[in-house]
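Visitor: build me a model:
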Amino acid sequence: MSYGKYNHQGYFGESFVRVLASAAGLIAGQQDVDHTGVDFSIDFPGTRGTVRFPKIEAQVKSWSSPKGTDSDWLYPMDVRHYNNLAGEGFAVSRYLFLIIVPSDVGQYAQADETSLRLSHCGYWASLRKSPLLDHAAQRHVTVPVPKRNLLTVKGLQSLLEPRPAQRVPAS
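Guide: Take a look at the predicted model:
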């Protein structure tokens, strides 16, 4: 029994983030109810610099037919999901994590005696400097996700630094 292409793709994208968080020594947890627009709270289990138990929140989107420019992925996003990440005033920094996945689910992961390879990769964007949009006037928005913001173990750790990592505003 299959649970559908988009459920399978989304679950893989979330699992991709969990694997990176685990490799980074971070804790990725999900809320019981998805009502705040985030998929994960990612926490550092201790002190970093002068901050105790720093955390971020992330909304994870997976995409099997990516389109973009040389510098950005151009992700089409529902305005309601976008507004859950956009603007100032959050107690915890929020990010969009865009996981680019193969269109063939058989290519999601390959394992052998020496390694586990997950395909393809993830990127992050902060929408903190982006304006909120009127959902009644606009249903979708294209969000640029910088290709230079590769989601790696080190990159994920840097998002929890005492001083916030580079924030790339959506245009």
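Visitor: top strand in the chain by residue count?
Guide: strand 55-63 (DSSP state E).
Visitor: thought Q30 was touching D39?
Guide: Yes. Using C-beta atoms under 8 Å, Q30 is in contact with D39, at 6.5 Å. For the C-beta atoms, the positions are set from N, CA and C on the backbone; glycine is no exception.
Visitor: between the two, which has more neighbouring residues?
Guide: Between Q30 and D39, counted using other C-beta atoms under 10 Å, D39 has the larger neighbour count: 19 against 12.
Visitor: give the bridge partners for the closest residue to the more buried one other than its chain neighbours, please.
Guide: Counting by C-beta to C-beta, 6 or more residues apart in numbering, D39 lies nearest to V60, which is 4.5 Å off, once chain neighbours are set aside. Beta-bridge partners for V60, by DSSP bridges, are F97.
Visitor: now for V60, how many residues are close by?
Guide: Neighbour tally, V60, other C-beta under 10 Å: 22.
Visitor: need the contact list for it.
Guide: 10, 13-14, 17, 39-40, 97, 99 (C-beta atoms under 8 Å, 6 or more residues apart in numbering).
Visitor: how much space between it and G122?
Guide: Distance of V60 to G122, given as C-beta to C-beta, to the nearest Å: 8 Å.
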